[in-house]
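1. Below are the sequence and a predicted model; questions follow.
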Amino acid sequence: MDIIMPQLGETVEEGTVAIWHKQEGDRVAVDELLLEIETDKVATDVPSLVAGTLRKIFVLQGQTVKVGTTLAIIDSDEAADAAVPAMIDAVSASGHGAASVAPSAAPIAPKRQASGKGARLSPAVRRLIAHKDLDIARIHGTGRDGRVKRADVLSYLASADAPVPEALVETVPFSAMRKRIAEHMLRSQAASAHVLQAVEVDFTGVDSARSALKRAWHDREGSSLTYLPFIARAVVLALPKFPHLNAHVAGESLKVFAAINLAVAVDLDGGGLVAPVIKNAAALRVPELARAIAKIAAKARAGELRPDDMTEGTYSLTNNGSFGTFLTAPVINQPQVAILSIDGVHRRPWVVSHEGGERIDIRPVGVLAQSFDHRAVDGAYSAAFLRLVKHTLESREWIGEFLS
């Protein structure tokens, strides 16, 4: 059976073999970890779908190859062959052939590494540990078989046990993820006609629901009830009325989708940015959206995202509000046509209309800013969508979302 470089995101064209956990000649069981792959969007474990023997490794640790490339071959046991699921071929079903990259002279298989924590680190973790001059023995690993992951290193650095860094002036090379993020952002700026529009939103109604529910929510869920799931709900309620924003640009046409799949940007503690996808988000109310957002964020920061978590996004959200930002102009997540930035909510003077005229109240107010592709829609279309999102957030009875 061929082990193929999978499609880890719609716009990802290549991946890097971070670690081989098995070597040529090793026995492997079904679901046993074979290797780890890194891209600009995700790091993922690749398990074996069959039991057998790893016969040949074609792509060594640290090598970057195209999606669909044959990474290795497993001679599967005859008994296991009959049970291999049909999903084996689906990994390369994106249209990339499983072309082998083995040169005319077969490459030398990677040498077996010494045992211990140091032998089970991805290149990104090795670089971080070397950059911070850390003692790996002091870091608790939460990965498979106790392997130290990037999130473990960042957690250790945030702890009181971490060494205090000296004041240095240094040159920090871009990581592979940072390089690919830069390339993706530049391609997006070059491809799309970016336009930014923003509206101010009075979050009084949302705050009223959050105040009434936050204690019970925290006790039950173990997390805070933030503004993000309320905004996500308002977005998925508005998009069916403005379907050209829930779309992809394809050449000189627009692919408009019935399903609303929200890509939610997740910051990897300063080490990069990924946008895992909540599928069929329109079917979820605020509580389900809050749980789904918390789940994908936790998976992203733990390095546990799977290829399916990164595909089929139709509209994106990016949330900088926890940092108190006022306005952010986000870059469109290709091939989508729009992305909404959620910035900080601050208490501000706000003019309120009533039957007797107007008065000034102190209200929780935040800015929602949408970057859209002017090739796909015009300003009036985008502005009308933002107006509906604003109206929904300000007028909906949000407590009702939690009662059914």
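-> Good, I have the coordinates.

2. So which bits of the one helix or strand Asp343 maps to are buried?
-> Assignment of secondary structure by DSSP states H and E places Asp343 within strand 338-354. In terms of neighbour count (16 or more other CB atoms under 10 Å), strand 338-354 has its buried residues at Ala338, Ile339, Leu340, Ser341, Ile342, Asp343, Gly344, Val345. (Each C-beta comes from the backbone N, C-alpha and C, glycine too.)

3. Who does it pair with, and is each partner parallel or antiparallel?
-> Sheet pairing here is set by DSSP bridges, and for strand 338-354 it gives strand 315-319 (parallel), strand 357-373 (antiparallel).

4. pLDDT of the helix or strand following the last one, averaged?
-> It stands for strand 357-373. Sequence-wise, the next helix or strand beyond strand 357-373 is helix 379-395, with elements assigned using DSSP H and E. Rounded to a whole number, the mean pLDDT of helix 379-395 is 97.

5. Return the alpha-carbon coordinates of helix 379-395 using PDB.
-> These are the backbone C-alpha positions of helix 379-395, laid out as PDB (Å, rounded to 0.1, in the frame of the first residue of the first chain):
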ATOM      1  CA  GLY A 379     -19.900  47.700  -1.800                       C
ATOM      2  CA  ALA A 380     -23.700  48.000  -1.400                       C
ATOM      3  CA  TYR A 381     -24.100  44.300  -1.200                       C
ATOM      4  CA  SER A 382     -21.400  43.900   1.500                       C
ATOM      5  CA  ALA A 383     -22.700  46.900   3.400                       C
ATOM      6  CA  ALA A 384     -26.300  45.500   3.400                       C
ATOM      7  CA  PHE A 385     -24.900  42.200   4.800                       C
ATOM      8  CA  LEU A 386     -23.100  44.100   7.600                       C
ATOM      9  CA  ARG A 387     -26.200  46.100   8.400                       C
ATOM     10  CA  LEU A 388     -28.200  42.800   8.800                       C
ATOM     11  CA  VAL A 389     -25.500  41.300  11.100                       C
ATOM     12  CA  LYS A 390     -25.500  44.500  13.200                       C
ATOM     13  CA  HIS A 391     -29.300  44.500  13.400                       C
ATOM     14  CA  THR A 392     -29.400  40.800  14.400                       C
ATOM     15  CA  LEU A 393     -26.800  41.400  17.200                       C
ATOM     16  CA  GLU A 394     -28.600  44.400  18.600                       C
ATOM     17  CA  SER A 395     -32.200  43.200  18.400                       C
END
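
6. what's in contact with that helix?
-> When contacts are taken as CB atoms under 8 Å, 6 or more residues apart in numbering, the neighbours of helix 379-395 outside the stretch itself are 195, 197-206, 230-231, 234-235, 237-239, 241-242, 244-245, 338, 340, 368, 370, 372.

7. what does stretch 228-236 rub up against?
-> Outside stretch 228-236, the residues within contact range by CB under 8 Å, 6+ apart are 206, 209-210, 260, 262, 264, 278, 281-282, 284-287, 289-290, 293, 315, 317, 319, 321, 340, 342, 368, 389, 392-393, 396, 398, 401.

8. Done for today, thanks.
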